[in-house]
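1. Below are the sequence and a predicted model for it; my questions follow.
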Amino acid sequence: MIEGILIGLTTALTLQNILMVMVGCFFGTIIGMLPGLGPMTAIALMIPITYGFEPATGLILMAGVYYGAVFGGSTSSILLNAPGVPGTVATSFDGYPMAQQGKAGKALAIAAWSSFAGGTLSAIYLLFMAPSLSKVSLSFRSPDYFALMILGLTAIAAFSSKGQFLKAMMMVVLGLMLASVGQDSLSDITRYTFNNMNLTDGISFVLVVMATFAMSEALTIILKRNDPTSAAKQVSLTELGSIKINKEERTKMYKTIPRSSVIGFLIGVLPGAGATIASFLAYGMERNVVSDQEKEKFGKGSVNGLSAPETANNAACSGSFVPMLTLGIPGSGTTAVMLGALLGFGVQPGPRLYMTNPEIFWSIIMSMYIGMVILLILNLPLIPYIARILAVPKNYLIPLILFFSVTGIYVMSFNNFDIYLMIGIAVVATFLRLYDFPMPPLILAFVLGGLMEENLRRSLLLSNGSWEFLWDRTLTACILATTILIVVWHIYKTFKRKN
Amino acid sequence: MNINTTKIISLLFFVFSAFYLYLAYQIQVFTFDENAPFNARTFPIYLGYAGLFFSGLKLILPDPNTIKVEHKNLEYKKTGILILIAIIYGATILKVGYFLTTSLFLFASYYFLGERRWILMFLLSFPFVAAFMYLLHGILDIYLRDPFLQSIGVMG
């Protein structure tokens, strides 16, 4: 492991990669501060730029964007009560009241230090857990992988759908259907191409991400007459005050951070759960464990109430890399985008990544830590200035997002058809978004579609067409039982809410 | 059953899934693969049934969280124009080239979204695209096809 850490450090600490983390964190913070434009859009917009890089560098850039976006989301949560990303909603519960009391700078500092500590601790957990999990996952067989993908898709549908589980499942099926277009991987038989040569290789992952996130978000902003940059204009005018944290506040944070980081990391590791659930759970748990006197302060500017979700959401970001790096199965929409980008680089994440491409595996882990340091040193003092950059009118922002989307597809294929297809998918996605059909399940399903078919094929062929493979192995049966539990829990929750 | 747009979308998805399933059964597989436990049409068939199942459930079950969209408040005109400009951009980018079409696309988009600060519009289109092209093509070595710049000798 020491050797791996050194390889990772050597790769991550090159001038180019440090620069990439800095650019990624900076750009991510900008996008994360804009309500509506989350880390997935930020990462999608970065894809064309990463074409010219080594895989490790490209992924380091995207990882930097991811942390930056989460940090940016916290900033708008604290200063404006307008979370830039869902994972920072719980941050606003105590961050915004604190800012209203004239302690905006302090709230940002607590958030930044908690994020830093959460990220650092989870990077350490990842450091120890990922290699062991990689070794364990070598014993995974096709039925286990298939069951794990079913679990991931069900979980993301259950957790991202805001009570609209069926809509999310429809999006999962749509994502899998889009992934089935093109040549069958084994027999080379073409499917759903309608004799169009442009579809023979299937629909590009970048195209689907750009269409369903970047482009459709831009169109939704125009369609709904939203102005995400108005929030940034207010941030640039906000007086931040002191960013110093006193001893009493630090003592409170010392207790909160370790427990919230464990919750965040474990939730992040679970397929489909992610930063949003982690932050809410950590907030809820923190309220239960603090003294009655401190409990009274929750919702009114509590240090514990702010520190817990911030620690947990950053820890969850790192945790979500575990299933992607060790199993090749992304746990969230954001890591699904990264997985797609990795596949584009010709790198197959999974248990063998640890052995075949140690520089990628370890440099991502190491760059996480560097990313946290950069966020703390550079971004915190720069928040008012970043906000000023952001105060560009949406009349400029929207065309620029469209421009990045089209460029991404153009440099990839030099093909008009792909641009038309992207616009078509973006229009449909915009319409579906209006009626609350979630897009992350579609992306995850699209990324997993090929792998899922491959593993189902192997499982069915090995079991001679029988579905007994689903309960033949204990591991497969356990994973499927967890899936069923998630569905039952979700149905129970829906009924409870109705009553 | 209360009919709302979500139900109509579910109905469309149901029809789409039925069509997808029909096409799945039409996928030509090799003769020796016809009765294999898994062939090129197996997964699409399952997906077709899954689509029918979930959209069917959405259609049948009551929908307590009905989403109401105020169509009067939506900006259809500007969105439509923006999509049209993007289509024209897509249609011309290969023939005319990246630099000119992208710059014109950005300039036209700013204009139709209501921007009238001409100098800023210009700076954020032509010079901006040139700088971005330099980043991609010159620094990152990503090939950008541009017949226009090639014809005037700017690009090799």
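-> Perfect, thanks for sending it.
2. Okay, domains of chain B per the record?
-> B:5-69, B:73-151 (automatic domain parsing).
3. Test my guess that residue B:57 contacts residue A:166.
-> Yes - assessed by CB atoms under 8 Å, residue B:57 is found in contact with residue A:166 at 5.6 Å. The way it works is simple: take the backbone N, C-alpha and C, and place the C-beta from them, glycine included.
4. Could you point out which of the domains of chain B sits nearest residue A:58?
-> domain B:73-151 (10.8 Å; CB to CB).
5. what about the closest one, start to end distance?
-> End-to-end distance for domain B:73-151: 47 Å, by CA to CA, to the nearest Å.
6. so does that domain get close to chain A?
-> Yes - counting by CB under 8 Å from any CB of the partner chain, chain A is contacted by domain B:73-151 at B:73-76, B:78-79, B:82-83, B:86-87, B:89-91, B:93-94, B:98, B:102, B:105-106, B:109-110, B:113-115, B:120, B:124, B:132, B:135-136, B:139-145.
7. Please apply the same query to stretch B:21-40.
-> Yes - Stretch B:21-40 reaches chain A (CB under 8 Å from any CB) through B:23, B:24, B:27, B:28, B:29, B:30, B:33, B:36, B:37, B:38, B:39, B:40.
8. gap between that stretch and the chain center?
-> 30 Å (CA atoms, centre = their mean, to the nearest Å).
9. And it, what's buried?
-> Within stretch B:21-40, the residues scored as buried using 16 or more other CB atoms under 10 Å in any protein chain shown are B:21, B:24, B:27, B:29, B:36, B:38, B:39, B:40.
10. Please look at the first one and residue B:49 and confirm they touch.
-> The reference is to residue B:21. Yes - with contact defined as CB under 8 Å, residue B:21 reaches residue B:49; the gap is 6.7 Å.
11. re the thing from before, between residue B:57 and residue A:166, tell me which one has more neighbours.
-> Between residue B:57 and residue A:166, residue A:166 has the larger neighbour count (other CB atoms under 10 Å in any protein chain shown), namely 20 against 14.
12. element containing the closest residue to that one other than its chain neighbours, please.
-> Nearest residue to residue A:166, sequence neighbours excluded (CB to CB, 6 or more residues apart in numbering or on different chains): residue B:58, at 4.5 Å. In the assignment (DSSP states H and E), residue B:58 maps to helix B:42-60.
13. Please export the C-alpha coordinates of the next helix or strand after that helix as CSV.
-> Next along the chain after helix B:42-60, taking DSSP H and E as the criterion, comes helix B:76-96. What follows is helix B:76-96, C-alpha atoms only, in CSV (Å, rounded to 0.1, in the frame of the first residue of the first chain):
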residue,chain,number,x,y,z
TYR,B,76,-41.6,29.0,-25.0
LYS,B,77,-40.6,31.6,-27.6
LYS,B,78,-37.1,32.2,-26.4
THR,B,79,-36.5,28.5,-25.8
GLY,B,80,-37.8,27.6,-29.2
ILE,B,81,-35.5,30.2,-30.9
LEU,B,82,-32.6,29.0,-28.9
ILE,B,83,-33.2,25.4,-30.0
LEU,B,84,-33.6,26.6,-33.6
ILE,B,85,-30.3,28.5,-33.4
ALA,B,86,-28.6,25.4,-32.0
ILE,B,87,-30.0,23.2,-34.9
ILE,B,88,-28.7,25.7,-37.4
TYR,B,89,-25.4,25.7,-35.6
GLY,B,90,-25.3,21.9,-35.8
ALA,B,91,-26.2,22.0,-39.5
THR,B,92,-23.4,24.4,-40.5
ILE,B,93,-20.6,23.6,-38.1
LEU,B,94,-19.1,20.9,-40.4
LYS,B,95,-19.3,22.8,-43.6
VAL,B,96,-18.4,26.3,-42.5
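14. what mean pLDDT does helix B:76-96 have?
-> For helix B:76-96, mean pLDDT rounds to 92.
15. Which neighbouring elements make contact with that helix?
-> Of the remaining helices and strands, those touching helix B:76-96 by 3 or more CB pairs under 8 Å, 6 or more residues apart in numbering or on different chains; DSSP states H and E are helix A:216-223, helix A:394-413, helix A:416-434, helix B:98-112, helix B:147-151.
16. and the angle for that helix with helix A:416-434?
-> Orientation check (axes from the mean of the first three to the mean of the last three CA atoms, to 10 degrees): helix B:76-96 against helix A:416-434 gives 160 degrees.
17. residues making contact with helix B:76-96?
-> A:219, A:222-223, A:398-399, A:402, A:406, A:410, A:414-416, A:419-420, A:423, A:427, A:430, B:101-102, B:104-105, B:108-109, B:112-113, B:145, B:147-148 (CB atoms under 8 Å, 6 or more residues apart in numbering or on different chains).
18. which residues does residue A:183 form a beta bridge with?
-> residue A:190 (DSSP bridges).
19. mind listing what it touches?
-> Contacts of residue A:183 by CB under 8 Å, 6+ apart are A:189, A:190, A:191, A:200, A:201, A:202.
20. tell me the pLDDT at residue 2?
-> I'll assume chain A. 71.
21. that's the wrong chain, I wanted chain B
-> On the pLDDT scale, residue B:2 gets 55.
22. re earlier: now, which of the contacts of residue A:183 sits nearest chain B?
-> residue A:189 (4.3 Å; CB to the nearest CB).
23. ok, so what distance separates the closest one from residue B:31?
-> Computed as CB to CB, to the nearest Å, the residue A:189 to residue B:31 distance reads 12 Å.
24. ok, now residue A:155?
-> Taken as CB to CB, the span from residue A:155 to residue B:31 is 40 Å.
25. give me the number of residues near residue A:310?
-> 39.
26. which non-adjacent residue is nearest it?
-> residue A:114 (3.9 Å).
27. Have a look at the chain and report the helix or strand with the lowest mean pLDDT.
-> I went with chain A, as the question did not name one. Across the helices and strands of chain A, mean confidence by mean pLDDT, DSSP states H and E is lowest for helix A:228-237: a mean of 62.
28. Oops, wrong one, chain B.
-> That would be, for chain B by mean pLDDT, DSSP H and E, helix B:147-151 at a mean of 84.
29. Go through that helix and flag the buried ones.
-> Buried, per 16+ other CB under 10 Å, within helix B:147-151: residue B:149.
30. now for it, which elements pack on it?
-> Using 3+ CB pairs under 8 Å, 6+ apart: helix B:147-151 touches helix B:76-96, helix B:98-112.
31. which one of these has the most crowded surroundings?
-> helix B:98-112 (a mean of 21; mean count of other CB atoms under 10 Å in any protein chain shown).
32. okay, the angle between that helix and helix B:76-96?
-> 170 degrees.
33. From the contact counts, what lies against the next helix or strand after helix B:98-112?
-> Note on helix B:98-112: by DSSP H and E, the next helix or strand toward the C-terminus is helix B:118-123. When contacts are defined as 3+ CB pairs under 8 Å, 6+ apart, helix B:118-123 sits against helix B:98-112.
34. How far does the helix it packs on sit from its chain's centre?
-> On CA atoms, centre = their mean, the centre of helix B:98-112 falls 19 Å from the chain's centre.
35. For stretch B:86-106, measure first residue to last.
-> 10 Å.
36. how distant is that stretch from the center of its chain?
-> 16 Å.
37. pLDDT below threshold where in chain B?
-> B:1-3, B:156 (pLDDT under 70).
38. which helices and strands sit right next to the helix ranked longest in chain A?
-> Criterion DSSP state H: the longest helix present in chain A is helix A:104-137. With contacts taken as 3+ CB pairs under 8 Å, 6+ apart, helix A:104-137 sits against helix A:55-80, helix A:89-100, helix A:247-269, helix A:303-319, helix A:321-327, helix A:353-356, helix A:358-374, helix A:380-390.
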